[in-house]
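Only the shape, not the letters, is given here:
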C-alpha cells in the first residue's frame, strides 16, 4: 500500500486527487495538507504525524519549489502538478532527486490527450518552420504561460531551431501583441477567461497550408489516471522525470 499525502487538498485539483486516491486499491490517503482549513497546515506537520511515501502537490506557483525542496530533503517522493517552476529550479530538483535516490515527477499536464498533443506537435516541428502556441485557461490560473505551453515549446525546440523562418521585421504598436517569444522563437499567447478549464492549440504554417493540433480538457477528472500513474512511478522507481510522456 502506498501512503499518499495531498498538498493543496482543498483546491479544485486537490479534491479530485483525494477522490482518486481513495478509490485506488493500492493507495491509502494519509494526509490532507492545506494552509486553509487542512487536516494538516504544512508538509512538516503531516510528516511528523504520519508516514508519507508520496506527496502529490497541486498548490501555488509561489510555494511549489519550497515544498519540493522539503520533500526531497526529507525522504518523501513527490509528484508535482503545480506549474510555475523555472528551468533553474527544475534542474536543482533533478539534482536533489538523483542525489537522494528519491522519486520526483514534474508534469505540466496529466491528461493523456494533452501529452499526445505535445508529442504530435514535436513530430510536426520537423516539417514546419513556423509555429505558435495559444493556451486558454480559466481566469483563476495565476501563472502565464501555462506549464503545458512551456513544455510543448521545449519539446518542439528539440526538433527545430527556428520557428519564425521568413518572417519580416516586426514592430509591436502595443507591447505584447505578439505574445511571449520562447524557445527558438516560438510565440506563446495566453488567454485567461471564465468558462475554460484548460485548452491549448499549436498552429503550424507553411506555404499554402495550416496545421492545427488542439486539446481541450472538459473537467479535472481527465487528469486523475495520469496523477495515479505518476504516484506509482515515483514510489517504485525513485528517479527524476519531467513530463508524463516519459512514463507512458
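Happy to help now that I have it. Treat the numbers as computed from the prediction; the structure is a model and nothing was measured.

residue boundaries of the helices in the chain?
With helices called from DSSP state H, the chain shows them at 12-22, 43-49, 61-73, 87-100, 112-124, 147-157, 224-237.

looking at those, which is closest to residue 206?
helix 112-124 (10.3 Å; C-beta to C-beta). Yep, even glycine has a C-beta here, placed from its N, CA and C like the rest.

Which pLDDT value goes with residue 168?
What the model reports for residue 168 is a pLDDT of 94.

Tell me which of the helices of the chain is the most buried.
helix 147-157 (a mean of 24; mean count of other C-beta atoms under 10 Å).

pLDDT of that one, averaged?
Averaging pLDDT along helix 147-157 gives 95.

Name the residues that touch it?
With C-beta atoms under 8 Å, 6 or more residues apart in numbering as the test, helix 147-157 has contacts from 83-85, 108-109, 114, 117-119, 121-122, 125, 131, 133, 135, 163, 182-184, 186, 188, 190, 198, 200, 202, 242-243.

So the nearest residue to residue 122 once chain neighbours are set aside versus residue 165, what's the distance?
Nearest non-adjacent residue to residue 122, counting by C-beta to C-beta, 6 or more residues apart in numbering: residue 155, 4.3 Å away. If you measure residue 155 against residue 165 using C-beta to C-beta, to the nearest Å, the figure is 19 Å.

count of residues packed around residue 33?
For residue 33, the neighbour count with other C-beta atoms under 10 Å is 27.

Contacts only, for it.
Residue 33 is in contact with 5-9, 39-43, 45-46, 55, counting by C-beta under 8 Å, 6+ apart.

so residue 170 touches residue 181, yeah?
No - under the criterion of C-beta atoms under 8 Å, residue 170 makes no contact with residue 181, lying 10.2 Å away.
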